[in-house]
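Novice: here is the input, now give the coordinates:
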Amino acid sequence: MRYFALIRDGIDPAPFLEEIASMNQAWDIATGRQDKIRVQREALAIPLRGLRKSALQGRKRRDVCESRWTSGSKDFPLACEFIRDTASTLGCDPGRAKIVSLPPGRRVYPHIDRGDYYRLHGRFHLVLRSSHGSLLRAGKETQRLQPGELWWFDNKQVHEAWNDGTENRIHLIFDLLPHTHRLAATGT
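Specialist: Residues are numbered from 1 along each chain as shown. The predicted structure follows:
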């Protein structure tokens, strides 16, 4: 595998799913992803970490590396702690993060994540729920990710996802900035 790496498996998704179920209305609060990003229009998202808007200073959103915890992240302490712990274990800083639901028969359309932010950060998916595995393609490789698995994949390649299952596919998706890239991210 060139564009995927299994980082960890055997993670119990149940506590994460309970946390999400307790805040079910959170899917309706921030709809910017499906409203503004055409390739993401069929997915629902709960943002946990987002772009630090004060850092824009004339730069394109895709070139801003600074991020912050959202006001809604306080409602998802388990997911946030998982991101912090994974970042620490891998020698990274947390970047942007969200919980994403993709309904049955829906997809994320092919695209490449471009810009300085994506060039410097790695993309991770923790699969929380999927009927029979989540299909994700990057480059010419396709993987079926299983619940309880944490994967890195190369989002700098053309990638897409689809839900060929019978229930909403739920992933915790987050980006990590390796400590070795800190200086490049700050532009110093």
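Novice: what kind of secondary structure is the closest residue to residue 94 other than its chain neighbours in?
Specialist: What sits nearest to residue 94 in space, not counting adjacent residues and going by CB to CB, 6 or more residues apart in numbering, is residue 87, at 4.8 Å. Just so you know, the C-beta spots here come from the backbone N, C-alpha and C atoms, and that holds for glycine as well. Under DSSP: H, G, I helix; E, B strand; the rest coil, residue 87 falls in the helix class.
Novice: repeat for residue 131
Specialist: coil.
Novice: sorry, back to before: now do the same contact list for the residue nearest to residue 94.
Specialist: The contact partners of residue 87, taken as CB atoms under 8 Å, 6 or more residues apart in numbering, are 93-94, 176.
Novice: just the closest of these to residue 21, please.
Specialist: Lowest distance from residue 21 to the contacts of residue 87 (CB to CB) belongs to residue 94, with 23.8 Å.
Novice: what separates the closest one from residue 161, distance-wise?
Specialist: Residue 94 sits 22 Å away from residue 161, going by CB to CB, to the nearest Å.
Novice: more neighbours: which of the two?
Specialist: Each of residue 94 and residue 161 has its neighbours counted (other CB atoms under 10 Å); residue 161 has more, 25 against 21.
Novice: beta partners for the more buried one?
Specialist: Beta-bridge pairing of residue 161 under DSSP bridges involves residue 108, residue 136.
Novice: got a list of what it touches?
Specialist: Each residue near residue 161 by CB under 8 Å, 6+ apart is listed here: 102, 107-108, 134-137.
Novice: hmm, try it at 7 Å
Specialist: Residues near residue 161 by CB atoms under 7 Å, 6 or more residues apart in numbering: 102, 107-108, 134-136.
Novice: tell me the one of the contacts of residue 87 nearest residue 151?
Specialist: Distance to residue 151, by CB to CB, is smallest for residue 176 among those, at 12.6 Å.
Novice: how near is the closest residue in space to the closest one that isn't next to it in sequence to residue 159?
Specialist: Once flanking residues are discounted, residue 176 sits nearest to residue 92: 3.7 Å by CB to CB, 6+ apart. Residue 92 is 20 Å from residue 159, where distance means CB to CB.
Novice: same check, this time on residue 11
Specialist: Between residue 11 and residue 159 the distance is 22 Å, computed by CB to CB.
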